[in-house]
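> have a look; sequence and predicted model below, questions after that.
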Amino acid sequence: MIAENVKENKYKISKLAEMTNSEVKGDQEIVVDNACGVAESINSSVTFADQKEYLSEALKSKAAVIVSSYKICEEMESDLKAKKTFLLTDHPRRVYAKIADILTPRPYENGKISKRAVIDPSCQLGKGLSIHPGVVIAENVKIGDNSIIAPGVIIGPDVEIDENCLLHPGVIIERDTIIKNHVIIQSGAVIGSDGFGFATDKSGHHKIPQQGNVIIESEVEIGANVTIDRGASGPTIIKKGTKLDNLIQIGHNVEVGEESLLVAQSGIAGSTKLGRRVTLGGQAGVVGHINLADNTIAAARAMVTSRTNEGDFISGAPAQLHRDALKEQAYLRRLPKYIERIKELEKRLSELEK
Amino acid sequence: MIAENVKENKYKISKLAEMTNSEVKGDQEIVVDNACGVAESINSSVTFADQKEYLSEALKSKAAVIVSSYKICEEMESDLKAKKTFLLTDHPRRVYAKIADILTPRPYENGKISKRAVIDPSCQLGKGLSIHPGVVIAENVKIGDNSIIAPGVIIGPDVEIDENCLLHPGVIIERDTIIKNHVIIQSGAVIGSDGFGFATDKSGHHKIPQQGNVIIESEVEIGANVTIDRGASGPTIIKKGTKLDNLIQIGHNVEVGEESLLVAQSGIAGSTKLGRRVTLGGQAGVVGHINLADNTIAAARAMVTSRTNEGDFISGAPAQLHRDALKEQAYLRRLPKYIERIKELEKRLSELEK
Amino acid sequence: MIAENVKENKYKISKLAEMTNSEVKGDQEIVVDNACGVAESINSSVTFADQKEYLSEALKSKAAVIVSSYKICEEMESDLKAKKTFLLTDHPRRVYAKIADILTPRPYENGKISKRAVIDPSCQLGKGLSIHPGVVIAENVKIGDNSIIAPGVIIGPDVEIDENCLLHPGVIIERDTIIKNHVIIQSGAVIGSDGFGFATDKSGHHKIPQQGNVIIESEVEIGANVTIDRGASGPTIIKKGTKLDNLIQIGHNVEVGEESLLVAQSGIAGSTKLGRRVTLGGQAGVVGHINLADNTIAAARAMVTSRTNEGDFISGAPAQLHRDALKEQAYLRRLPKYIERIKELEKRLSELEK
């Protein structure tokens, strides 16, 4: 059943080499239809070994082709090289991921617009769209070519979705959201909910209208049941190539820099800006109105309360440099011993004082 | 695009003054259609300056009208006063929020009941409703006047929704829930899921039917993808004027007091009661079966394990009074220094003992 | 309103005794239609008292029948025994839960397949199904007898759902998922979202196709807005009888052992394996690629970073044995006192050194 699902696209390995700027060493005519790990390989699979240690397993597997590096291949004994066809490159992980992407059919792609979707006549729809039953699309929405709108997706008014996007079932896109090309949004994510903004006085909390929007740049992936609030005014932005895991909260007017990685259940409070290639571990939290510099790494469960410098690795609550957090923890674990030493000192001193 | 969305309602400023019990100083005839921050103001905007420091920015902005206080206006130089029209009150934040609410059109309000919604004939529907495509409403549901049910909302049997409510796309209201007037629920929130109740013995965990319901009082706002469990028996209650941010978990039979603020990703375990105006910071957690007194503030990530007194400000895990938590943290950070002093003492004592 | 909802099934108590292998002591002819706590009992209710202390309340209640144990009943005075009808067993909690389950009608059960559901003709549907409006079921889905698919549920291609399952509104089941019998899934849960897998190099994060699936074994319950990722290759598995609370994240290729209990907002990173009867407290987190042994208990907010032994009770961040965590905490709270003692020692030593 799973196997069927991943077997729809067939390519000659020479064609894939051309598409990924890599080189076939072995049988140019092999046809593959599937990319997967060593353990799941079948005889039409491409698998990969980007480190020497993984090579022997890959050679023993059923896979037809192994993606590897020139360097690893050079160091290999020649009788082993003859056993399999290789696809060689200096960037085996990237090439493998691209091939896997080519060979794996996109879910929900059928090129049809269902009659059981409700689409406002004012919408501008591109070519090659797949729009499924149960979808509701409000007025003035634009959707670019080859995008896939899975069942039960709701799209509010004045939304723009670019080309080659994939919205999984039950995704909700609120009004005015802008989604660039090649974006993937997993099921149940909510993009453009109102931010948490109230004017409080003695009579209560008075809602401040949230008049901004959300911009999702190209090649972003957003996990299941994530929530991204619209800006209070101006946009909340997720920049190019950034990946969000599941159940993450992004507050209003947050900016997440390019190629960042946010692990599940992390959260970012309003108006905070993350630089490029920032990593937030699982369940990490970042307070509002601060800047995290490029390449900051916040460990799982870090509670980030102040700005960082480029490349800082921080952990703990409140977060500090990880090496300091480790020291603190080590001291804490040795505390009982030191307390014994205090008691010992007191005894010896009492002896002397007699 | 965004601008269009916030420009549908036009009012003379004298009319808004009447509606908010405030006073126009300047041109009574100005027509405004938009309320926003200083930076986004256009020449038909109302903006606000509730503190003296904000006044010069507001005066320089494009806004037609500034909401401010009598006190600030009195202290201002008279040539500045002449530059803009002011709306004066003793409660500028509240008046501004009310005006913003008046000028900002409610999303999804079109006064129509879609033929592509599925509504059981036993339902009692009020006047001026907006019910969108993809909505499913089960038997015996009552909905009050002027409420908005956005696309893809599911409402279970025997639910009551009062007047002027706004349910965003994909909200799920389970059976027997009661929602009072002026409630806003953001997308993907689930109200009335079963609580986590099982009778465990050697043969497994046996589900205890969750027979209670959820009551959401008036002027409550609930964030995206929040989950609120129905009571095991009796209700789970969110009281009047309370605001919940995104991805919050409310366990069965919890009571959240009036005008409380719960920040994103916080959670409250079963049967706990929060008093009036309690604040939970982001990712805070509260154990079950305890009471938090009125005006308790639990900082972000606080893990609250015991009852509080009125006005307590607590933090940490397990949470303690914030001043104690700060002290503890300070001691911890100085620990290495004190350990050096212990070693020093040991040396000196050894010298003496010779 | 609630009362109506729980009153649809009527049974003679002698029949319920037969069904639960227990014994009636008193009136065999009593007809009951409702199981609930002592406080909510009406005169057709079954309630329970599995400990001696609860007996007097149960005797005073309106309930027609009390489920209790032989032992408790023996120790009771005989005039009290005469006051009520008892249902006796050695396992009162289990018997009560089973009776409550029998008497409580399943929500959304109407035995009808709505014309406003969209069901691919290739699907294999069992008998006695309830499939509601707004449901979308893709190709090659199998659904077993007596399962309930509530409004707005989306089921992707090649999914198998066994008998007697209950999918609440808005649940999303992605392709290839396998769900065994008697599974309950609360609203908004997402089963089978893509795991968080990317091959990173200088040019960005390249998506690794997630080719596995999710298997939910029998008698599992999954909470509202939970997310369970499909395996990267091979399955993510939730084993028999395990219960998940709301807003939980389960990473790709995780295995959760039989009869485990995961409390709200907890999360498990990829490839981690939990043994049998493991408990994760609320907001707990477990890192990837580790094993937690059978009967491990991780307290609320525990951050579990390493493997455990059978029956370990752990807490804190990073988690350690709870008794050690408590000691550490106690030392930390006494730290100021010990620092005073260091200062005192320094003074006394200075005196001696003079």
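Thanks, I have the structure now. Numbers count the residues shown, from 1 in each chain, chains lettered A, B, ... in the order given.
> for the stretch 101-250 of chain A, which residues are neighbours of chain C?
With C-beta under 8 Å from any C-beta of the partner chain as the criterion, the stretch 101-250 of chain A comes near chain C at residues A:101, A:103-104, A:107-108, A:114, A:116, A:132-134, A:150-152, A:168-170, A:184, A:186-188, A:219, A:221, A:223-225, A:241, A:243, A:245-247. For glycine as for every other residue, the C-beta is placed from the backbone atoms N, C-alpha and C.
> for stretch A:323-339, buried residues please.
A:325, A:328, A:329, A:331, A:332, A:335, A:338, A:339 (16 or more other C-beta atoms under 10 Å in any protein chain shown).
> which residue is nearest the middle of chain A?
Compute the mean C-alpha point of chain A, and by C-alpha atoms, centre = their mean the closest residue is residue A:243, 2.3 Å away.
> got the contact list for that residue?
Remark: with contacts taken as C-beta atoms under 8 Å, 6 or more residues apart in numbering or on different chains, residue A:243 is in contact with A:220, A:221, A:260, A:261, A:262, C:196, C:198, C:205.
> now with 6 Å?
A:221, A:261, C:205 (C-beta atoms under 6 Å, 6 or more residues apart in numbering or on different chains).
> for the second one, report the pLDDT, please.
The predicted local distance difference test score for residue A:261 is 98.
> unless I'm mixing things up, it is touching residue A:279, no?
Yes: the pair residue A:261 and residue A:279 qualifies as a contact (C-beta atoms under 6 Å) at a distance of 4.8 Å.
> give me the more crowded residue out of these two.
residue A:261 (21 against 18; other C-beta atoms under 10 Å in any protein chain shown).
> report the closest residue of the stretch 201-350 of chain A relative to chain B.
As assessed by C-beta to the nearest C-beta, chain B sits closest to residue A:206 within the stretch 201-350 of chain A, at 3.2 Å.
> mind checking what secondary structure the closest residue to chain C within chain A has?
Closest residue of chain A to chain C, C-beta to the nearest C-beta: residue A:97 (3.2 Å). Residue A:97 falls in the helix class when you classify it by DSSP: H, G, I helix; E, B strand; the rest coil.
> let me see the contact set for the spatially closest residue to it that is not a sequence neighbour.
Nearest residue to residue A:97 in three dimensions, chain neighbours excluded: residue C:206, at 3.2 Å (C-beta to C-beta, 6 or more residues apart in numbering or on different chains). Counting by C-beta under 6 Å, 6+ apart, residue C:206 makes contact with A:94, A:97, C:199.
> just to be sure, residue A:73 is in a helix?
Yes: Residue A:73 sits within a helix when classified using three-state DSSP.
> next one: it from residue B:221, what distance?
Computed as C-beta to C-beta, to the nearest Å, the residue A:73 to residue B:221 distance reads 60 Å.
> for these two, indicate the residue with more neighbours.
For residue A:73 versus residue B:221, neighbours defined as other C-beta under 10 Å are more numerous around residue B:221 (22 against 17).
> what sits against the more buried one?
Contact partners of residue B:221, counting by C-beta under 6 Å, 6+ apart, are B:184, B:243.
> what bridges to it?
As for beta bridges, residue B:221 partners with residue B:184, residue B:243 under DSSP bridges.
> so what pLDDT did it get?
At residue B:221, the predicted lDDT confidence score is 98.
> spell out which parts of the stretch 251-354 of chain A neighbour chain C.
Selection of the stretch 251-354 of chain A residues close to chain C by C-beta under 6 Å from any C-beta of the partner chain yields A:259, A:264-265, A:282-283, A:301, A:335-336, A:339, A:342, A:345, A:349, A:352.
> switch to 8 Å and redo it
Taking C-beta under 8 Å from any C-beta as the criterion, the contact residues of the stretch 251-354 of chain A with chain C come out as A:259, A:261, A:263-265, A:282-283, A:300-301, A:317, A:329, A:332-333, A:335-336, A:339, A:342, A:345-346, A:349, A:352-353.
> out of those, which sit inside helices?
The helices in this structure, assigned by DSSP state H, contain A:329, A:332, A:333, A:335, A:336, A:339, A:342, A:345, A:346, A:349, A:352, A:353 from those.
> how far away is residue A:53 from chain B?
Here the criterion is C-beta to the nearest C-beta, to the nearest Å. By it, residue A:53 lies 39 Å from chain B.
> again with residue A:130
Taking C-beta to the nearest C-beta, one finds residue A:130 at 18 Å from chain B.
> equivalent analysis for residue A:121, please.
As for residue A:121, its distance to chain B is 13 Å (criterion: C-beta to the nearest C-beta).
> one step back: any chance of the ones in helices among the residues of the stretch 251-354 of chain A next to chain C in CSV, with distance to residue C:312 and pLDDT too?
What follows is these, written out as CSV (distance: C-beta to C-beta, whole Å; pLDDT from 0 to 100):
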residue, distance to residue C:312, pLDDT
A:329, 20, 89
A:332, 20, 88
A:333, 18, 86
A:335, 22, 87
A:336, 21, 85
A:339, 26, 89
A:342, 31, 91
A:345, 36, 90
A:346, 36, 90
A:349, 41, 88
A:352, 45, 86
A:353, 46, 82
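> per-residue pLDDT, residue A:3?
37.
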